[in-house]
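In: Give me a 3D structure for the following:
(2 chains)
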Amino acid sequence: MIVHLPSRVRVGEVISPALSVAATRTETIVSFLTDIGPADLVNPLLSLEAALEVSFDGGVSWEHELGFTWRGGPRSPLIPATLSPSMRLSRARSDGVRLPLRFRGALVRIRLVVPTAMAVGASVDVT
Amino acid sequence: MPAFESVVTAEGALVSSLSWSHTAAGADRLGIVDACIKPDTTTVSSGAWGTGNALTFVASAVMSDDNEMWRRIAPPASAQTVSLTFSAQAEGVTGASRNYTGADQTTPLGTAATATGTSLTPSVTVTSAAGELVIDTSGFDNDVLSTPGTGQTERYDFGGSVSMRGSDEAGAASVVMDHALGGTANDWQIVGVSIKPVAEAGGGPVAYAPNRNIQINYGGTFAGAGRGVFGRDRRPRGRWGSLRAARVI
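Out: Numbers count the residues shown, from 1 in each chain, chains lettered A, B, ... in the order given. Okay, the predicted model is just below:
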(Lines give C-alpha, C1' and ligand atoms only; values in the text may rest on other atoms or scores of the structure.)
Protein backbone atom coordinates (compact mmCIF):
# COMPACT_ATOMS: atom_id res chain seq x y z
CA MET A 1 0.00 0.00 0.00
CA ILE A 2 1.42 3.37 -0.97
CA VAL A 3 0.62 6.84 0.31
CA HIS A 4 1.68 9.26 -2.38
CA LEU A 5 2.11 13.01 -2.42
CA PRO A 6 2.48 14.11 -6.05
CA SER A 7 5.56 16.06 -7.03
CA ARG A 8 5.08 19.79 -7.51
CA VAL A 9 6.47 23.07 -6.23
CA ARG A 10 5.57 23.20 -2.57
CA VAL A 11 6.11 25.51 0.38
CA GLY A 12 4.93 25.48 3.97
CA GLU A 13 3.14 22.56 5.57
CA VAL A 14 1.76 19.93 3.20
CA ILE A 15 -0.36 17.01 4.37
CA SER A 16 -1.36 14.11 2.17
CA PRO A 17 -4.78 12.44 2.15
CA ALA A 18 -5.11 9.74 4.81
CA LEU A 19 -5.17 6.10 3.82
CA SER A 20 -6.24 3.13 5.88
CA VAL A 21 -3.76 0.30 6.48
CA ALA A 22 -5.19 -3.10 5.66
CA ALA A 23 -5.68 -5.49 8.53
CA THR A 24 -2.54 -7.39 7.74
CA ARG A 25 0.87 -7.63 9.27
CA THR A 26 3.18 -4.74 8.51
CA GLU A 27 6.78 -5.68 7.84
CA THR A 28 8.32 -2.50 6.53
CA ILE A 29 7.55 1.17 6.13
CA VAL A 30 9.67 3.11 3.68
CA SER A 31 9.30 6.87 3.45
CA PHE A 32 11.10 8.73 0.71
CA LEU A 33 11.11 12.05 -1.08
CA THR A 34 10.72 12.08 -4.83
CA ASP A 35 11.62 14.30 -7.73
CA ILE A 36 13.95 16.73 -6.03
CA GLY A 37 15.93 18.25 -8.88
CA PRO A 38 19.71 17.71 -9.05
CA ALA A 39 20.33 21.44 -8.57
CA ASP A 40 18.09 21.52 -5.49
CA LEU A 41 19.75 18.45 -3.98
CA VAL A 42 23.04 20.33 -3.69
CA ASN A 43 21.53 23.71 -2.72
CA PRO A 44 22.49 24.36 0.94
CA LEU A 45 19.68 26.90 1.27
CA LEU A 46 17.02 24.22 0.92
CA SER A 47 15.75 21.91 3.62
CA LEU A 48 12.57 20.15 4.65
CA GLU A 49 11.05 17.91 7.25
CA ALA A 50 9.17 14.75 6.33
CA ALA A 51 7.06 12.66 8.67
CA LEU A 52 4.72 9.70 8.60
CA GLU A 53 1.84 10.23 10.98
CA VAL A 54 -0.57 7.59 12.19
CA SER A 55 -4.06 7.81 13.65
CA PHE A 56 -5.67 5.07 15.70
CA ASP A 57 -8.93 6.94 16.25
CA GLY A 58 -10.16 7.46 12.72
CA GLY A 59 -8.26 10.67 12.09
CA VAL A 60 -9.23 12.62 15.19
CA SER A 61 -5.68 12.69 16.52
CA TRP A 62 -2.37 12.00 14.83
CA GLU A 63 0.91 10.67 16.22
CA HIS A 64 4.40 11.00 14.81
CA GLU A 65 5.56 7.56 13.69
CA LEU A 66 8.77 8.24 11.84
CA GLY A 67 10.46 11.14 10.16
CA PHE A 68 13.60 12.79 9.01
CA THR A 69 15.02 16.13 8.03
CA TRP A 70 16.90 16.82 4.83
CA ARG A 71 19.21 19.69 4.01
CA GLY A 72 20.70 20.31 0.57
CA GLY A 73 24.42 20.54 0.07
CA PRO A 74 27.49 18.96 -1.45
CA ARG A 75 27.35 15.20 -1.57
CA SER A 76 29.91 12.49 -1.93
CA PRO A 77 30.80 11.58 -5.51
CA LEU A 78 29.95 8.03 -4.51
CA ILE A 79 26.27 8.95 -4.17
CA PRO A 80 24.14 8.92 -7.32
CA ALA A 81 23.29 12.50 -8.31
CA THR A 82 19.56 11.86 -8.36
CA LEU A 83 19.29 9.80 -5.15
CA SER A 84 16.64 11.32 -2.88
CA PRO A 85 16.51 11.24 0.92
CA SER A 86 14.69 8.29 2.42
CA MET A 87 13.95 6.53 5.66
CA ARG A 88 13.00 2.96 6.45
CA LEU A 89 11.31 1.62 9.55
CA SER A 90 11.49 -2.11 9.40
CA ARG A 91 10.80 -5.22 11.33
CA ALA A 92 14.44 -5.91 10.62
CA ARG A 93 16.02 -9.22 11.44
CA SER A 94 15.26 -9.06 15.11
CA ASP A 95 12.88 -10.10 17.82
CA GLY A 96 10.69 -7.93 19.95
CA VAL A 97 9.73 -5.40 17.28
CA ARG A 98 6.14 -4.35 17.64
CA LEU A 99 5.75 -3.04 14.13
CA PRO A 100 3.93 -6.01 12.56
CA LEU A 101 0.72 -5.56 14.51
CA ARG A 102 0.92 -1.87 15.28
CA PHE A 103 -0.70 -0.47 12.16
CA ARG A 104 -3.58 -2.80 11.53
CA GLY A 105 -6.60 -0.71 10.65
CA ALA A 106 -4.84 2.59 11.37
CA LEU A 107 -4.84 5.67 9.15
CA VAL A 108 -1.51 6.97 7.88
CA ARG A 109 -0.55 10.20 6.13
CA ILE A 110 2.53 12.14 5.06
CA ARG A 111 3.35 15.58 6.44
CA LEU A 112 5.98 17.78 4.83
CA VAL A 113 7.26 21.10 6.12
CA VAL A 114 9.01 23.00 3.32
CA PRO A 115 10.50 26.34 4.45
CA THR A 116 11.59 27.47 0.96
CA ALA A 117 9.63 26.74 -2.20
CA MET A 118 10.96 23.76 -4.09
CA ALA A 119 9.69 20.94 -6.24
CA VAL A 120 9.26 17.77 -4.22
CA GLY A 121 7.00 14.78 -3.84
CA ALA A 122 6.84 12.06 -1.25
CA SER A 123 5.80 8.45 -0.93
CA VAL A 124 5.31 6.05 1.93
CA ASP A 125 5.19 2.37 1.16
CA VAL A 126 3.67 0.15 3.84
CA THR A 127 4.20 -3.53 3.18
CA MET B 1 19.37 -9.10 36.24
CA PRO B 2 18.25 -6.41 33.78
CA ALA B 3 16.05 -7.77 30.99
CA PHE B 4 15.42 -6.86 27.39
CA GLU B 5 11.92 -5.47 26.73
CA SER B 6 11.63 -4.05 23.19
CA VAL B 7 13.51 -2.67 20.18
CA VAL B 8 12.68 -0.48 17.18
CA THR B 9 15.03 0.04 14.25
CA ALA B 10 15.18 2.75 11.59
CA GLU B 11 17.40 3.47 8.64
CA GLY B 12 17.94 6.60 6.56
CA ALA B 13 19.85 7.94 3.58
CA LEU B 14 20.86 11.54 2.95
CA VAL B 15 19.23 12.77 6.14
CA SER B 16 20.32 15.18 8.83
CA SER B 17 18.01 13.76 11.47
CA LEU B 18 15.98 10.62 12.08
CA SER B 19 13.04 9.99 14.36
CA TRP B 20 10.78 7.08 15.14
CA SER B 21 8.18 6.02 17.65
CA HIS B 22 9.01 3.65 20.51
CA THR B 23 6.73 2.53 23.32
CA ALA B 24 8.72 1.33 26.32
CA ALA B 25 7.22 -0.70 29.14
CA GLY B 26 8.21 -2.31 32.44
CA ALA B 27 9.83 -1.16 35.67
CA ASP B 28 13.22 0.50 36.15
CA ARG B 29 13.60 1.19 32.46
CA LEU B 30 16.80 2.07 30.64
CA GLY B 31 16.61 3.29 27.05
CA ILE B 32 19.61 2.54 24.83
CA VAL B 33 19.89 4.28 21.45
CA ASP B 34 22.50 3.10 18.94
CA ALA B 35 23.54 4.70 15.66
CA CYS B 36 25.95 3.84 12.87
CA ILE B 37 26.67 6.73 10.51
CA LYS B 38 28.45 7.07 7.20
CA PRO B 39 30.70 8.98 6.70
CA ASP B 40 32.66 8.61 9.92
CA THR B 41 33.07 12.39 10.17
CA THR B 42 29.35 12.79 10.76
CA THR B 43 28.32 12.29 14.38
CA VAL B 44 25.22 12.40 16.54
CA SER B 45 25.06 15.95 17.87
CA SER B 46 22.01 15.38 20.07
CA GLY B 47 19.21 12.96 20.73
CA ALA B 48 16.07 12.57 22.79
CA TRP B 49 13.59 9.91 23.91
CA GLY B 50 10.44 12.01 23.98
CA THR B 51 10.07 15.74 24.45
CA GLY B 52 12.56 17.12 26.94
CA ASN B 53 14.17 13.74 27.61
CA ALA B 54 17.67 14.30 26.23
CA LEU B 55 19.92 11.33 25.60
CA THR B 56 23.29 10.99 27.33
CA PHE B 57 26.32 9.92 25.34
CA VAL B 58 27.81 6.57 26.37
CA ALA B 59 30.63 5.82 23.91
CA SER B 60 31.59 5.70 20.25
CA ALA B 61 33.90 3.70 18.02
CA VAL B 62 35.04 5.19 14.71
CA MET B 63 36.50 3.42 11.70
CA SER B 64 34.92 3.80 8.26
CA ASP B 65 31.66 4.65 10.03
CA ASP B 66 30.81 6.32 13.31
CA ASN B 67 29.20 3.87 15.76
CA GLU B 68 27.64 5.51 18.82
CA MET B 69 25.70 4.41 21.89
CA TRP B 70 23.50 6.77 23.94
CA ARG B 71 21.26 6.16 26.94
CA ARG B 72 18.17 7.53 28.67
CA ILE B 73 17.27 6.58 32.25
CA ALA B 74 13.56 5.91 32.73
CA PRO B 75 12.19 6.69 29.28
CA PRO B 76 8.42 7.27 29.55
CA ALA B 77 6.27 4.14 29.44
CA SER B 78 4.20 5.45 26.56
CA ALA B 79 4.56 6.09 22.84
CA GLN B 80 7.45 8.53 22.46
CA THR B 81 9.47 9.88 19.58
CA VAL B 82 13.11 8.82 19.66
CA SER B 83 15.13 11.35 17.68
CA LEU B 84 18.73 11.72 16.56
CA THR B 85 20.19 14.89 15.06
CA PHE B 86 23.43 14.63 13.13
CA SER B 87 26.31 17.07 12.78
CA ALA B 88 25.95 16.97 8.99
CA GLN B 89 24.01 15.13 6.35
CA ALA B 90 24.45 11.39 6.77
CA GLU B 91 24.94 9.47 3.56
CA GLY B 92 23.66 6.42 5.34
CA VAL B 93 22.58 5.86 8.91
CA THR B 94 21.07 3.10 11.01
CA GLY B 95 19.40 3.79 14.33
CA ALA B 96 17.99 1.47 16.97
CA SER B 97 16.30 2.06 20.29
CA ARG B 98 16.17 -0.65 22.94
CA ASN B 99 14.40 -0.68 26.26
CA TYR B 100 15.73 -2.73 29.18
CA THR B 101 13.99 -3.22 32.51
CA GLY B 102 15.39 -3.83 35.97
CA ALA B 103 18.24 -1.34 35.46
CA ASP B 104 19.82 0.78 38.18
CA GLN B 105 18.22 4.20 37.92
CA THR B 106 21.19 6.17 39.25
CA THR B 107 24.29 4.64 37.67
CA PRO B 108 22.89 2.24 35.10
CA LEU B 109 26.03 1.49 33.13
CA GLY B 110 29.57 0.36 33.83
CA THR B 111 32.60 1.47 31.86
CA ALA B 112 32.11 1.16 28.12
CA ALA B 113 34.61 -0.74 25.97
CA THR B 114 35.18 -0.07 22.27
CA ALA B 115 37.10 -1.69 19.46
CA THR B 116 37.58 -1.31 15.71
CA GLY B 117 39.11 -3.49 13.02
CA THR B 118 39.00 -4.80 9.49
CA SER B 119 37.77 -8.39 9.33
CA LEU B 120 34.56 -10.39 9.62
CA THR B 121 34.74 -10.81 13.41
CA PRO B 122 34.06 -7.66 15.43
CA SER B 123 34.80 -8.31 19.09
CA VAL B 124 35.17 -6.39 22.33
CA THR B 125 35.77 -7.48 25.93
CA VAL B 126 33.52 -5.82 28.53
CA THR B 127 34.10 -5.70 32.28
CA SER B 128 30.91 -6.75 34.05
CA ALA B 129 29.70 -8.87 36.99
CA ALA B 130 27.22 -11.61 37.80
CA GLY B 131 23.72 -10.18 37.92
CA GLU B 132 24.48 -7.55 35.29
CA LEU B 133 23.64 -7.66 31.58
CA VAL B 134 26.19 -6.81 28.89
CA ILE B 135 24.94 -5.09 25.73
CA ASP B 136 26.70 -4.18 22.52
CA THR B 137 26.21 -2.45 19.19
CA SER B 138 28.40 -3.12 16.18
CA GLY B 139 28.47 -1.37 12.81
CA PHE B 140 29.89 -2.68 9.56
CA ASP B 141 30.59 -0.88 6.30
CA ASN B 142 28.38 -3.22 4.29
CA ASP B 143 24.88 -4.65 4.60
CA VAL B 144 25.49 -8.22 5.74
CA LEU B 145 23.83 -10.77 7.94
CA SER B 146 25.64 -11.84 11.07
CA THR B 147 25.63 -14.48 13.78
CA PRO B 148 26.08 -13.40 17.41
CA GLY B 149 28.69 -15.00 19.59
CA THR B 150 27.98 -17.86 22.00
CA GLY B 151 25.71 -16.79 24.84
CA GLN B 152 24.57 -13.61 23.12
CA THR B 153 20.98 -12.91 22.13
CA GLU B 154 20.66 -10.80 19.01
CA ARG B 155 18.15 -7.95 19.32
CA TYR B 156 18.51 -6.38 15.89
CA ASP B 157 20.50 -6.89 12.70
CA PHE B 158 19.75 -4.71 9.69
CA GLY B 159 21.14 -2.08 7.38
CA GLY B 160 21.58 -0.45 4.01
CA SER B 161 24.84 1.23 3.03
CA VAL B 162 25.91 0.52 6.61
CA SER B 163 24.66 -2.30 8.77
CA MET B 164 24.32 -2.55 12.51
CA ARG B 165 23.59 -5.30 15.00
CA GLY B 166 23.00 -5.31 18.74
CA SER B 167 22.86 -8.08 21.31
CA ASP B 168 23.01 -8.78 25.02
CA GLU B 169 24.49 -11.46 27.25
CA ALA B 170 24.42 -12.29 30.96
CA GLY B 171 27.16 -10.56 32.90
CA ALA B 172 30.33 -12.13 34.33
CA ALA B 173 33.67 -10.70 35.40
CA SER B 174 34.75 -10.40 31.77
CA VAL B 175 32.43 -10.87 28.81
CA VAL B 176 33.47 -11.10 25.15
CA MET B 177 30.86 -9.64 22.79
CA ASP B 178 31.44 -10.73 19.21
CA HIS B 179 29.70 -11.37 15.90
CA ALA B 180 30.50 -13.48 12.86
CA LEU B 181 29.75 -11.45 9.71
CA GLY B 182 29.03 -12.69 6.23
CA GLY B 183 30.42 -11.29 2.99
CA THR B 184 33.86 -9.78 2.48
CA ALA B 185 36.09 -8.45 5.25
CA ASN B 186 35.58 -4.75 5.83
CA ASP B 187 35.87 -2.09 8.53
CA TRP B 188 33.88 -2.62 11.73
CA GLN B 189 33.26 -0.84 15.00
CA ILE B 190 31.86 -2.21 18.24
CA VAL B 191 30.78 -0.66 21.55
CA GLY B 192 29.98 -2.75 24.64
CA VAL B 193 28.91 -1.88 28.16
CA SER B 194 27.35 -3.59 31.18
CA ILE B 195 23.92 -2.66 32.56
CA LYS B 196 23.81 -2.70 36.36
CA PRO B 197 20.73 -4.11 38.08
CA VAL B 198 18.39 -1.95 40.10
CA ALA B 199 19.55 -1.66 43.69
CA GLU B 200 17.56 -3.46 46.33
CA ALA B 201 15.56 -1.33 48.70
CA GLY B 202 17.78 -0.05 51.45
CA GLY B 203 19.31 2.96 53.06
CA GLY B 204 16.43 3.52 55.47
CA PRO B 205 14.76 1.70 58.34
CA VAL B 206 14.18 -2.00 57.73
CA ALA B 207 11.22 -3.73 59.34
CA TYR B 208 12.45 -6.39 61.75
CA ALA B 209 10.60 -9.53 62.72
CA PRO B 210 11.88 -11.88 65.46
CA ASN B 211 13.37 -15.17 64.38
CA ARG B 212 13.60 -14.08 60.74
CA ASN B 213 16.78 -13.95 58.70
CA ILE B 214 18.25 -10.63 57.76
CA GLN B 215 20.16 -10.60 54.50
CA ILE B 216 22.80 -7.97 54.04
CA ASN B 217 24.21 -7.22 50.61
CA TYR B 218 27.46 -5.35 50.24
CA GLY B 219 28.95 -3.32 47.46
CA GLY B 220 31.86 -5.71 47.20
CA THR B 221 32.04 -9.11 45.60
CA PHE B 222 30.46 -11.08 48.42
CA ALA B 223 27.30 -11.13 50.49
CA GLY B 224 26.61 -12.39 53.94
CA ALA B 225 23.55 -13.24 56.00
CA GLY B 226 23.05 -13.11 59.72
CA ARG B 227 20.21 -14.54 61.77
CA GLY B 228 18.35 -12.63 64.40
CA VAL B 229 20.94 -9.93 65.06
CA PHE B 230 20.68 -7.00 62.73
CA GLY B 231 24.01 -5.99 61.27
CA ARG B 232 25.85 -9.20 62.06
CA ASP B 233 27.13 -11.04 59.06
CA ARG B 234 29.53 -13.64 57.79
CA ARG B 235 32.13 -11.55 56.15
CA PRO B 236 35.58 -13.10 56.53
CA ARG B 237 37.63 -11.45 59.24
CA GLY B 238 39.40 -8.42 57.93
CA ARG B 239 37.15 -8.02 54.88
CA TRP B 240 35.13 -4.86 54.53
CA GLY B 241 32.55 -3.59 52.12
CA SER B 242 30.10 -0.73 51.97
CA LEU B 243 26.58 -1.58 53.08
CA ARG B 244 24.22 -1.43 50.11
CA ALA B 245 21.00 -2.89 51.40
CA ALA B 246 19.43 -4.97 54.13
CA ARG B 247 16.14 -6.77 54.15
CA VAL B 248 14.16 -9.21 56.21
CA ILE B 249 13.84 -12.48 54.35
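In: Could you tell me which residues of chain B lie near chain A?
Out: B:4-21, B:23, B:39, B:79, B:81, B:85, B:89, B:91, B:145, B:154-158, B:160 (Cβ under 8 Å from any Cβ of the partner chain). All C-beta spots, glycine's among them, are computed from the backbone N, C-alpha and C.
In: For PyMOL, write the select line for the buried members of those residues.
Out: Listed next is the PyMOL selection for buried residues among those, using 16 or more other Cβ atoms under 10 Å in any protein chain shown:
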select buried, chain B and resi 4+5+6+7+8+9+10+11+12+13+14+15+16+17+18+19+20+21+23+39+79+81+89+91+154+155+156+157+158+160
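In: where does chain B dip in pLDDT?
Out: B:200-249 (pLDDT under 70).
In: Contacts for stretch B:113-124, please.
Out: B:59-63, B:125-127, B:136, B:138, B:140, B:149, B:176-193 (Cβ atoms under 8 Å, 6 or more residues apart in numbering or on different chains).
In: Pull out the buried positions in that stretch.
Out: So stretch B:113-124, judged by 16+ other Cβ under 10 Å, has buried residues B:113-117, B:120, B:122-124.
In: Now do it: distance from first to last residue.
Out: This stretch, stretch B:113-124, spans 7 Å end to end (Cα to Cα, to the nearest Å).
In: Is B:Leu6 bridged to anything, and to what?
Out: Residue B:6: Ser, not Leu. B:Asn99 (DSSP bridges).
In: I misspoke; the intended subject was B:Asp157.
Out: B:Arg165.
In: thinking again about what came up before, the contacts of stretch B:113-124 in strands, which ones?
Out: B:59-62, B:125-127, B:136, B:138, B:140, B:176-181, B:186-193 (DSSP state E).
In: which among the residues you listed end up buried?
Out: Going by neighbour count (16+ other Cβ under 10 Å), the ones in strands among the contacts of stretch B:113-124 have B:59-62, B:126-127, B:136, B:138, B:140, B:176-179, B:181, B:186-193 buried.
In: Spatially central, which residue of chain A would that be?
Out: Centroid-nearest residue in chain A: A:Ser31, 3.4 Å away (criterion: Cα atoms, centre = their mean).
In: Next step: the buried residues of stretch B:113-124 restricted to strands.
Out: Residues of the buried residues of stretch B:113-124 located in strands (DSSP E): B:113-117, B:123-124.
In: farthest pair in those residues?
Out: Longest distance between any two of those is 13.6 Å, between B:Ala113 and B:Gly117; criterion Cβ to Cβ.
In: Could you pull out the strands in chain A for me?
Out: Secondary structure of chain A by DSSP E: the strands cover A:2-15, A:19-20, A:28-34, A:47-55, A:63-71, A:86-90, A:107-126.
In: Mind listing what's buried along the longest one?
Out: If I follow you right, that is strand A:107-126. Within strand A:107-126, the residues scored as buried using 16+ other Cβ under 10 Å are A:107-114, A:118, A:120-124, A:126.
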